[in-house]
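S.K.: pasting the sequence and the predicted model now:
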2 protein chains.
Amino acid sequence: MFSKACEYGIRATTYIALQSLEGRRVSLKEIAEEIDSPVAFTAKILQLLSKNNVVDSVKGAYGGFEIERTQIDRLKLSEIVNAIDGDKIYVGCGLGLKECNADKPCPVHDKFVEIRNNLKQMLENTTLYEMTTGLEAGLTYLKR
Amino acid sequence: MFSKACEYGIRATTYIALQSLEGRRVSLKEIAEEIDSPVAFTAKILQLLSKNNVVDSVKGAYGGFEIERTQIDRLKLSEIVNAIDGDKIYVGCGLGLKECNADKPCPVHDKFVEIRNNLKQMLENTTLYEMTTGLEAGLTYLKR
DNA sequence: ATTAAATCGGACAAATTTATCCTATTAAGA
DNA sequence: TCTTAATAGGATAAATTTGTCCGATTTAAT
């Protein structure tokens, strides 16, 4: 569904949010350990998320990554995905046609539109804060 | 959603089915033209589909690809996808965790399960025959 | 038998995605 | 000011997916 980069990105962002809620700024190294991802690759993804204002980065000693509390409440899963994978999940034909719409549809156009609208709704309705709640309670996990 | 190989595979299979309904066996070259796909790559995919008994291949002069009428009615979109991409669309965690289930879920486990069940149901409920009906009527397309 | 038209299958090439490595830059603290 | 701990970013490598090429094999028709 998502690229590897996007999977790591969502997990990293969620971990940063979780720690930011406790006022802790976290380092790349800690993030990669806690979400079980390759360090250098995760660095690239965080760079991208930082440029897209999904996370805040602080350089130098005692630096790291953090997210403002208001952002944690506001950010939707869709914005994280969009920062890394763009809009290719929603857009484009399920069978790869360059041009596919209600006027000139592929044989499964309507069915795909429905599935993807569900996905889109889900991503746009899920907040970053919501993703952290189960983690605190030990009900959900970011590795294994 | 699907790999390029799978997109070509679905379109190729649908075109073969459409022609088989008229009793016409079709060549690789014709298929690639009609679905606008790279010929040699399409050949590889058809080999795979043939091995997985999704399509029948006939070697030699006047050979080509075809699908039995009973198979056209019986085959589900899920079987075509499975022959090429395997079950990775249904299986596996949306955030890439190796182990993710109701017992030890990722933060979006339940939401992803729902989306993917929708997708799974759709693929399992769509027959190959159904995919050809709009094509005959000029209501749906396999290229552009 | 020979030829021509077709798929099969192995080797290879290109493009994209995933991942690593190293140097530069930044900032805090001794 | 120097050292140390951090991110930034460019170059490169590995792995996967996508795509090409060509000879081998098969089969129908002549």
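M.R.: Perfect, I can see it now.
S.K.: contact residues of chain A facing DNA strand C?
M.R.: A:3-5, A:8, A:38-41, A:43-44, A:58-63 (Cβ under 7 Å from any atom of the strand). Heads up, the C-betas are built off the backbone N, CA and C, glycines and all.
S.K.: let's see that with 10 Å instead.
M.R.: Neighbours of DNA strand C within chain A, by Cβ under 10 Å from any atom of the strand: A:2-9, A:32, A:37-45, A:58-63, A:84-86, A:88.
S.K.: now the residue lying closest to A:L139 once chain neighbours are set aside: how far from DNA strand D?
M.R.: Spatially, and ignoring its direct neighbours in sequence, A:L139 is nearest to B:P105 (7.7 Å; Cβ to Cβ, 6 or more residues apart in numbering or on different chains). Using Cβ to the nearest atom of the strand, to the nearest Å, B:P105 is found at 25 Å from DNA strand D.
S.K.: B:P105 in helix, strand or coil?
M.R.: coil (DSSP: H, G, I helix; E, B strand; the rest coil).
S.K.: mind listing the helices for chain A?
M.R.: Here chain A has its helices, by DSSP state H, at A:4-20, A:28-35, A:39-51, A:69-74, A:77-85, A:109-125, A:128-136.
S.K.: can I get the shortest one in CSV, CA atoms only?
M.R.: Right, helix A:69-74. Only the C-alpha atoms of helix A:69-74 are listed here, as CSV (Å, rounded to 0.1, in the frame of the first residue of the first chain):
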residue,chain,number,x,y,z
ARG,A,69,1.6,20.0,20.7
THR,A,70,-0.9,22.0,18.6
GLN,A,71,0.5,20.2,15.5
ILE,A,72,0.1,16.8,17.1
ASP,A,73,-3.6,17.5,17.5
ARG,A,74,-3.9,19.0,14.0
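S.K.: list the buried residues for that helix?
M.R.: A:Q71, A:I72 (16 or more other Cβ atoms under 10 Å in any protein chain shown).
S.K.: same question, stretch A:117-137
M.R.: When burial is assessed from 16+ other Cβ under 10 Å, stretch A:117-137 yields the following buried residues: A:L119, A:M122, A:L123, A:T126, A:T127, A:L128, A:Y129, A:E130, A:M131, A:T132, A:G134, A:L135.
S.K.: and these near chain B, which?
M.R.: A:L119, A:M122, A:T126, A:E130, A:M131, A:T132, A:G134, A:L135 (Cβ under 8 Å from any Cβ of the partner chain).
S.K.: grab the two from those that are most spread out in space.
M.R.: Within those, A:L119 and A:L135 form the most distant pair, 22.7 Å apart (Cβ to Cβ).
S.K.: burial check on whichever residue of chain A sits closest to DNA strand C, number of neighbours?
M.R.: Nearest residue of chain A to DNA strand C (Cβ to the nearest atom of the strand) works out as A:G60 at 2.0 Å. Residue neighbour count, defined by other Cβ atoms under 10 Å in any protein chain shown, stands at 6 for A:G60.
S.K.: give me phi/psi at it?
M.R.: Main-chain dihedrals, A:G60, degrees, to the nearest 10: phi 80, psi 180.
S.K.: state the distance from it to A:E22.
M.R.: 22 Å (Cβ to Cβ, to the nearest Å).
S.K.: what's the answer for A:L119, then?
M.R.: Applying Cβ to Cβ to A:L119 and A:E22 gives a distance of 31 Å.
S.K.: and the ones next to chain B among the buried residues of stretch A:117-137, which is closest to chain B?
M.R.: A:M131 (4.2 Å; Cβ to the nearest Cβ).
S.K.: for the closest one, which non-adjacent residue is closest in space?
M.R.: B:P107 is the one closest to A:M131 (Cβ to Cβ, 6+ apart), at 4.2 Å.
S.K.: now do A:I16
M.R.: Going by Cβ to Cβ, 6+ apart, A:I16 has A:F65 as its nearest residue, at 5.0 Å.
S.K.: can you check A:M122 too?
M.R.: B:K111 (5.3 Å).
S.K.: then A:G92?
M.R.: A:C100 (7.9 Å).
S.K.: contacting residues around the one you found?
M.R.: A:G92, A:C93, A:C106, A:H109, B:Y141, B:R144 (Cβ atoms under 8 Å, 6 or more residues apart in numbering or on different chains).
S.K.: verify the stated contact: A:P38 with A:A32.
M.R.: Yes. Between A:P38 and A:A32 there is a contact at 7.0 Å, judged by Cβ atoms under 8 Å.
S.K.: more crowded one of the two?
M.R.: Applying other Cβ under 10 Å to A:P38 and A:A32 shows that A:A32 carries more neighbours, namely 20 against 12.
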